[in-house]
Every structure is written in C-alpha cells, then in structure tokens.
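A.B. asks: A structural model of the following input is requested.
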Amino acid sequence: MKRGKLRVLLGAAPGVGKTFTMLEEGRRLLDEGRDVVVAVVETHERAATAALVNGLEVVPRRTVSHRGVDLDDLDLDAVIARAPEVALVDELAHTNAPGSPNEKRWQDVEALRDAGIDVISTVNVQHMQSLGDVVREITGTVQRETVPDAVVRAADQIEVVDLAPAALRERLSDGLVYPAARIDAALSNYFRLGNLTALREIALLWLADEVDDALKAYRAEHGIEHRWETRERVLVALTGGPEGETLLRRGARIAARSAGGELAAVHVTTNDGLRVRHPGALGTQRTLLEQLGGTYHQVVGDDVPSTLVRFARSIDATQIVIGVSRRSRLAAAMTGPGIGNTVIRESGDIDVHVVTHERAGGGIALPKLGGSLSRGRVVAAFVLSVLVGPLLTWVLSIGSDPDAITVDVLAYQLLVLVVALVGGMWPAVFTAVLSGLSLDYFFVQPLYMVTVQQPWHLFALVMYVISAVLVSFVVDRSARRSRAARRASAESGLLMGIAGSVLRGDDALQALLDRTREAFGFAGVRIRQGDEVPATSGEFGATPDASTTLASGAVLEFAGAPDDPIQRRLLRVVEQQLDAAVEHRELTRTAVGAERIAAADRVRSALLAAVGHDVRRPIAAASAAVQTLRAPDIDLSGADREALLATADESLGQLAVLLADLLDVSRVQAGVLAVTPAAIALETVVAPALDELELGPDDVDLDLPADLPPVLADPVLLQRVVVNLLANAARYAPDGTHVRVAASAFAGGVELRVADHGPGIPEDRRDEVFQPFQRLGDTDNETGLGLGLALARGFTEGMGGTIEVDDTPGGGLTVVVRLPIAGHVGVEIR
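C.D. replies: Below you'll find the model as predicted:
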C-alpha cells in the first residue's frame, strides 16, 4: 500500500487563517472529485470557519470520559475505516484525550498515512519542539503541546499561512479570533505587536531553512554538484593578518548588492593550531564581521586552499574574497604559486575576488632565520661542537684509511646535523666549518696541512654549510611554532579569564584589576585618577614599584612588575582594556550627572510654571470669595453666602490636592516613598477609586475575573494609581464611549489595563507622559499640574511593578500596570 502524503499549513500565531485555508483546500479538492472528509477541526466558535465546514463530510468524533468529564476527540479507527483519499486534521500538536490509541495527534496522522490516506494538517510555529525555549523567551508562555520538528520536516509539502501582525491584531480586535471576553488580555499579552513580529520572523526563517535543506537534498539525490545561485553568499577568507578588515568591508559591499545577500567569514586553522600570527587582529575582525551582519566560522585543515574551497561549497557560497599574498616576490618564486592561486584554480564555478591591500608583498627580502631557540640550547650546541668534534676526529684517526674517506665525511656530516638540531644555525655553521677544516687537515693528502688542491674540497665545505643552514631553518621554524603555541594558549587563557569575569556581570574595572593581578603575579594593581583611586586589587607598600599612564589620563600602578618581555607585551593588551573600562566609567558618570542636572532643571522650570498658573488659580478664587464675604458694603443673601463659602472650600480643597501631589512627587524623586506591601485583591482597590471619581456603569466597563490572584501592593498607593489612571482616561474618553478596566494573570504577574478611545499619544512621545509637570495626555491645559501619570509610575515602581502605555485597538490609549502576584519570590519593594 502506498503511504499517504502529508501537507502542513504552518502559522506564526493563532488566528492567521490556517484552519480556514485547510477547509478551503478541502472544498477545492472536493470540487475536483476527490474523496475528502473532515477528521477533526477546531472552529473556536469562529463563524466564518464553521461555515466552511458545511458541505464537507465530517467523521463523528469519539467521546472519552475522563474524571467525570466527557472529552471529544478524533476517532482514528472510524477515519481509517472510512478510508477517504484526503483527511483534514486540525492542530497537529494537540494532545489526545486519555485512553486514545495515541498520545499525540501527530501520531494519529502518521497512522492515517500508514493506511494510505493523504492528510492536510495545521500547526503554529510556537508548537515546534526545537523552538520551545525561544518562544518562551519572547512570549513568556510555556508551550506544553509540541510536535517534533522531524515530523513536520518529513511532510511532503509545507506552506506558511502568513498575515501581517497589525492585520492579525485588527482581526483579534474585531472578535474574529477570540470571544470578546478574551480580546483585551490577548492583545496585551501574547498578541503584542513585538511578539507577533518575532513569531512571524521565526516561522519564515524556519521555512527558509527547510527550503534550503530540501534544495540540498534534491541536488544530492540527482547528483547535481554545481552551484545553484538561489541567493548570493559571500565568503571572506581571514588569515588573522591586518588586511582582514579591508576584505570584510569589500565582502559586505558585494553581499549588499543583491537582495538577501549573506556574508560569512572563515579562518582555516592547521592541525597544529599555529597559523594565526595576529590573534588580536582576528578577534577585532570577528567583531567587525558581527557588526556587518555576517557569521564567523573556523575550520581545521592542513591544506588551506582545499579546505577553504571545500567549506565554501558546503555553505553554497557564490563568491570568495581573498587578499593578495603578503609574501615577497622572492619567497613566492621559491615556494610556489601560493594559497590565492590554488584557490582560484580549485574554485570551479565559484567566483574569486583577489583584493589588494597595503600589506601586499612586493619586496625581495629573504625569510629571517634564528632567534626562536633559547640561549641555553645555542650554548649547549656550541659546547657539543667543541667537545664532540675533537673526540670524533681522534676516533676516526685511530683507524685512518685513505679508502675510508666516505665514512669520515658522513661522520662529520652527522655531527653537523646533530648540532643543528640542538642549537640552530650559528652553532651548525661553526661546526660545519670546523668539520671541513678538520677533514682537510687530518684525512686528506697532504696530511696536517689545510690546502684546497681539489675543487671538490671547497664544494664539500660549501655543502656542509648549506646543510647546516637548511637543517637549522627547519629546527628554528619548529621551535618558533612550538613557542607560539604555548604563548597563544597562555595568552588566550588569560584574556578569556579576564573577559569572562566581565561577561559574568562583575564590575568591569574591578574584575579587570583582579584578573590582571592574579594572571601576572602582582602583589597589587590599582587605578589612580588624581587623588582618587576608583579601584584597587591586592596590597601596596608606601610607593608602587611601577606605573604607566593610560590614554584616558588615569595612572595604572603595580606592586611588582613583570620581567618577561612576552608578559609585558600581553600587559599592554590588558592596559588597553583597562583604559577602555576607565573611559566608560567616566562617560557613564558624566552622562548620569548631566541627566540629573537636566532633569532637575526641567522639574524646576515646570514647577515654576505650574505654580504660576495652577496654584495661583485656587488661591485667587478662595481669596476673592473670602473678601466678598467680609465686605461690609455688600448685602449678601443666605444662598449667596453659601455659594461663596462653597467656592472657597472647593478652591482650598484643590490647593490641598495639588500640594499633596507635589509632596508625593518629591518623595518619589528622592527615593523615600513609604511602601507597606500586602496581599490585596484588585477589586478592593478599583471599587473605591470609582466611587471617589463618581464613575458608574454608564462610564466604565469592568472585567475583573473572579479567579484573579491577589497582588502584592500597598493598598493606599495602588488606589492613588487607579484614581489617576481612571481620571486621565475619563477626561479624554469621547462622549458615548466607555473607559474599560480589565485585568488578567500573565507570566507570574497580574496586569491591570485602563483603556480609553480618546486621541491617544504618538509612539515617539509615550515616555514623556510619565515626566512630572507636563500635559501630554494626562491632563489638559486648564487644570492640573501634569502629575497624574508621573505619580502613577512612581507609586507602581515603588511597589515593585511596572507601567507602560500602548494603543487601544480602534484608537485611544491603554495604560498597563503590571504587579507581582502575592506569594511570588524575587519581588523588590522600594
């Protein structure tokens, strides 16, 4: 029996139209004469979706009783017995009712396919098993129903049902996704614009990866080895040399020429790990690559050109960017075509860009010899030559035979090689010359004279010297690489430890000082800025043993100093990091100080303006009323006197409220707000706030679920927050509309939302509404000091909560207050 095919409709979030599309496809197939049944569909009470079911055969569901509750689910046996051509199975990640043949619905789908039935199913990207952690970080929601990625990837066809986030929110607001009671909570929680945008990107990227994999599988199945340019992929080869930044920028420009171009860089490390000559430059280039939006790769291979081309083919690179060789012309002539030419020869249909740069080779200098062996090895080699040379001459002279000159030559040659292996070039050259003279003096006629009667004698001496130079070059190169490996390992370990301490969240400057002192063995390290010592590590005597002035002007002082030149070089790298940390610290302090001054100035200016207008009005009204009452020449009736007294009382009451708000703001800004947290139910705060503002059912719609958990807050402060938010919303709500107050539990907290349908606030000015003494949305220009939302934020944050503003679907402003659930740990009350 031929196995059935699977077609999966993938969506970024609920409501994008997966089920609707599945049913439309089922109706289309039915019209074409195919045998189609609805195995299971979840309409979620959506009228348009339910209407599409009409006209399609629906296999009755099986009913399972679990703990006294009847659960309806897909009847697998009935669908298999019906044996349709195509079965429509909604919600692939669904968990079946207890007692079902399979635990998961995707297992039912596999059983249907085994029975030869084609299946069309739906799934949201948040249910993909590999994306659970990512979705939780974005939405704050743990997905308990998941489907293995392999199941979806194994589908014969995958389609994304896409809908723009803004359009989805509009559908949700219009009641096309969830019932009205769930709309506000959904819009403020899972269906935030940022959440939907991120989920949409994840869905599209997941499908793009699947398409790439499918394309690679097709090419492999059909033996297609040549490259298909489905998108531009530029690969930059990095050697760790200073030309890397030039190559990366050129590669980025090439990738940017085509839509969807990708940039990658690779560094090929040999098996001994010693090809990097400038590890610091490679790290800088990696940072630049990340800024350019590229990805970094590191591969291992002794044959650098072949490894580079092989990696380029593995990522389907369309172009390779390499630099002109830094070797000199003489070195290139002696050692062959080089990496660049080999890459060009092996690249095949991959374009290769050879980019010139400042460090491109052009001189004729020979490679440097010597300098990598320790002084002890060089001295030991000279001693070996001086001691073993005469001893060897004595041994050979005992059995001297003119016919054994070949043995004598090979013996001296062996001595030259041994000395070269031990001490490098200069001891080997010395031994070669000494051996040549000894051979001529003791073993070549006429004996005991140094003569060059035959040209081959001079040639032999030259060969001795050349052999010594070549062997010493190999030894020196090996020693250089061995030392470089040990140094690189030590340096990377040190720098990794220093960087790690900062990345773990330690204070950057203090962490750098601590790691520097430990790594270099200092007794103490400290930073001095004039008379101030911002950070110190270890102990100091009366005066430091050494110091250095950083570029920022700070002085780095040491108790004890490194004698090793390599340590001093590495210390200079650390000094640069310390200098950057000092400079960052100073910039942060300057920015904070400037912001405090600017904020104080803004508050001072606003306060003067507010006092000049808002405080003076109630004082003037009260004063006028009192003066009128006291005027002897004015005959007032009882009603007039009552009206004047009421005016004075109202004005003085307004003044008392204004002064109380000013005092509250000053306490919030000074950080001395008194908070008495307790577990309270939101309705015990909202109801008094409505009474205080005299707002009733004609003004406010309430949606406070009965099972809402209590919050941890100060009852008095929370009531002031609610009063300010309700007063602001009621002031701007157009006639004929209601202010909506709703609450819901979400991700360990409770969110209280106060929404109106007023003019709203531009997105780029929303932070301004929480500043004191302004009138952008929380009051008008006729009344109030502009403290409503400023006090709301101060009180909310003082209780360990957060407050933010968002758009109301259909127009208006929604203020969202998030408070911790009572009993949850990790809440900071200030």
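A.B. asks: where along the stretch 401-550 of the chain do the strands fall?
C.D. replies: Along the stretch 401-550 of the chain, counting by DSSP state E, counting those that start in this stretch, strands occupy 524-529, 532-538, 546-549.
A.B. asks: can you check which of these gets nearest to A639?
C.D. replies: strand 532-538 (72.2 Å; CB to CB). C-beta: built from backbone N, CA, C; applies to glycine.
A.B. asks: where in the stretch 51-200 of the chain is pLDDT low?
C.D. replies: Under the criterion pLDDT under 70, the flagged ranges of the stretch 51-200 of the chain are 66-68, 180-181.
A.B. asks: against L176, how distant is the nearest residue to G175 once chain neighbours are set aside?
C.D. replies: Spatial nearest neighbour of G175, excluding adjacent residues (CB to CB, 6 or more residues apart in numbering): I183 at 6.7 Å. As for I183, its distance to L176 is 10 Å (criterion: CB to CB, to the nearest Å).
A.B. asks: show me the helices in the stretch 601-750 of the chain, by range?
C.D. replies: Shown for the stretch 601-750 of the chain, the helices assigned by DSSP state H, counting those that start in this stretch span residues 616-630, 638-670, 683-693, 715-732.
A.B. asks: which one of the ones you listed is the most hemmed in?
C.D. replies: helix 715-732 (a mean of 22; mean count of other CB atoms under 10 Å).
A.B. asks: between helix 683-693 and that helix, find me the angle.
C.D. replies: 50 degrees (axes from the mean of the first three to the mean of the last three CA atoms, to 10 degrees).
A.B. asks: who does helix 715-732 touch, helix- and strand-wise?
C.D. replies: strand 678-680, helix 683-693, strand 739-746, strand 749-755, helix 788-798, strand 813-820 (3 or more CB pairs under 8 Å, 6 or more residues apart in numbering; DSSP states H and E).
A.B. asks: rewinding a little: show me the contacts for the residue nearest to G175.
C.D. replies: By CB atoms under 8 Å, 6 or more residues apart in numbering, the residues touching I183 are L172, S173, G175, P809.
A.B. asks: helix or strand for the nearest residue to V407 once chain neighbours are set aside, which one?
C.D. replies: Nearest-residue entry for V407: L396, 7.6 Å, with adjacent residues in sequence omitted and distances by CB to CB, 6+ apart. When elements are assigned from DSSP states H and E, L396 belongs to helix 375-398.
A.B. asks: one more: P809?
C.D. replies: Using DSSP H and E, P809 maps to neither a helix nor a strand.
A.B. asks: can I assume it is in contact with R169?
C.D. replies: Yes. Shown here, P809 and R169 form a contact pair, counting by CB atoms under 8 Å, at 6.5 Å.
A.B. asks: those two: which has the busier surroundings?
C.D. replies: R169 (21 against 18; other CB atoms under 10 Å).
A.B. asks: return the residues in contact with the more buried one.
C.D. replies: Contacts of R169 (CB under 8 Å, 6+ apart): L187, F191, L193, L196, P809.
A.B. asks: state the distance from it to Y178.
C.D. replies: For R169 relative to Y178 (CB to CB), the value is 12 Å.
A.B. asks: burial check on the nearest residue to T536 once chain neighbours are set aside, number of neighbours?
C.D. replies: Once flanking residues are discounted, T536 sits nearest to R526: 3.7 Å by CB to CB, 6+ apart. By the criterion of other CB under 10 Å, R526 has 21 neighbours.
A.B. asks: quickly list what R526 is bridged to.
C.D. replies: In this entry, R526 is beta-bridged to T536, E557, by DSSP bridges.
A.B. asks: that one against L513, yeah?
C.D. replies: Yes. Between R526 and L513 there is a contact under CB under 8 Å: 7.0 Å.
A.B. asks: which neighbours do the two share?
C.D. replies: Common contacts of R526 and L513, defined by CB under 8 Å, 6+ apart, comprise A535, T536, S537.
A.B. asks: adding distance to E25 and mean pLDDT, write the helices of the stretch 601-750 of the chain out as JSON lines.
C.D. replies: Output for the helices of the stretch 601-750 of the chain, formatted as JSON lines (distance: least, CB to CB, whole Å; pLDDT from 0 to 100):
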{"stretch": "helix 616-630", "distance to E25": "68", "mean pLDDT": "77"}
{"stretch": "helix 638-670", "distance to E25": "58", "mean pLDDT": "71"}
{"stretch": "helix 683-693", "distance to E25": "47", "mean pLDDT": "86"}
{"stretch": "helix 715-732", "distance to E25": "45", "mean pLDDT": "84"}
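A.B. asks: go through those helices and name the closest to A591.
C.D. replies: It's helix 638-670; of the helices of the stretch 601-750 of the chain, that one is closest to A591 (CB to CB) at 18.6 Å.
A.B. asks: ok, G758 - contacts?
C.D. replies: A729, Y732, A733, P734, G811, G812, L813.
A.B. asks: again with T802
C.D. replies: Neighbours of T802 in contact, by CB under 8 Å, 6+ apart: T796, V817, R818.
A.B. asks: got it, and A12?
C.D. replies: For A12, the contact set (CB under 8 Å, 6+ apart) comprises N124, V125, V160, D162, L163, L196, L199, R200, I202, A203.
A.B. asks: 10 Å instead, please
C.D. replies: 18, 124-126, 160-163, 165, 168, 195-204, 206 (CB atoms under 10 Å, 6 or more residues apart in numbering).
A.B. asks: Produce a PyMOL select command limited to the buried residues of those.
C.D. replies: PyMOL command restricting those to the buried ones, with burial defined by 16 or more other CB atoms under 10 Å:
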select buried, resi 18+124+125+126+160+161+162+163+165+168+195+196+198+199+200+202+203+206
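A.B. asks: among the contacts of A12, which are in helices?
C.D. replies: 18, 165, 168, 195-204, 206 (DSSP state H).
A.B. asks: present those residues as a markdown table; the columns should include distance to R7.
C.D. replies: A markdown table is the format used below for these (distance: CB to CB, whole Å):
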| residue | distance to R7 |
| --- | --- |
| K18 | 12 |
| P165 | 25 |
| L168 | 23 |
| N195 | 27 |
| L196 | 25 |
| T197 | 27 |
| A198 | 26 |
| L199 | 22 |
| R200 | 21 |
| E201 | 23 |
| I202 | 21 |
| A203 | 16 |
| L204 | 18 |
| W206 | 17 |
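A.B. asks: just those residues now: which is nearest L308?
C.D. replies: Among the ones in helices among the contacts of A12, and counting by CB to CB, the member closest to L308 is W206, at 29.9 Å.
A.B. asks: those helices in the stretch 151-300 of the chain, which residues are they?
C.D. replies: Secondary structure of the stretch 151-300 of the chain (DSSP H, counting those that start in this stretch): helices at 165-173, 180-188, 193-221, 244-256, 279-291.
A.B. asks: so which of those helices comes closest to V321?
C.D. replies: Closest approach to V321 among the helices of the stretch 151-300 of the chain (CB to CB): helix 244-256, 4.4 Å.
A.B. asks: output the contacting helices and strands for that closest one.
C.D. replies: strand 233-238, strand 262-269, helix 279-291, strand 319-323, strand 351-355 (3 or more CB pairs under 10 Å, 6 or more residues apart in numbering; DSSP states H and E).
A.B. asks: among those, which is nearest S478?
C.D. replies: strand 262-269 (17.9 Å).
A.B. asks: what are the buried residues along the closest one?
C.D. replies: E262, L263, A264, A265, V266, H267, V268, T269.
A.B. asks: related to what we said a few turns ago, what's the closest of the strands of the stretch 401-550 of the chain to Y448?
C.D. replies: Nearest of the strands of the stretch 401-550 of the chain (CB to CB): strand 546-549, 60.8 Å.
A.B. asks: which residues does the closest one contact?
C.D. replies: With contact meaning CB under 10 Å, 6+ apart, strand 546-549 is reached by 522, 526, 528, 554-562, 571-572, 575, 578-579.
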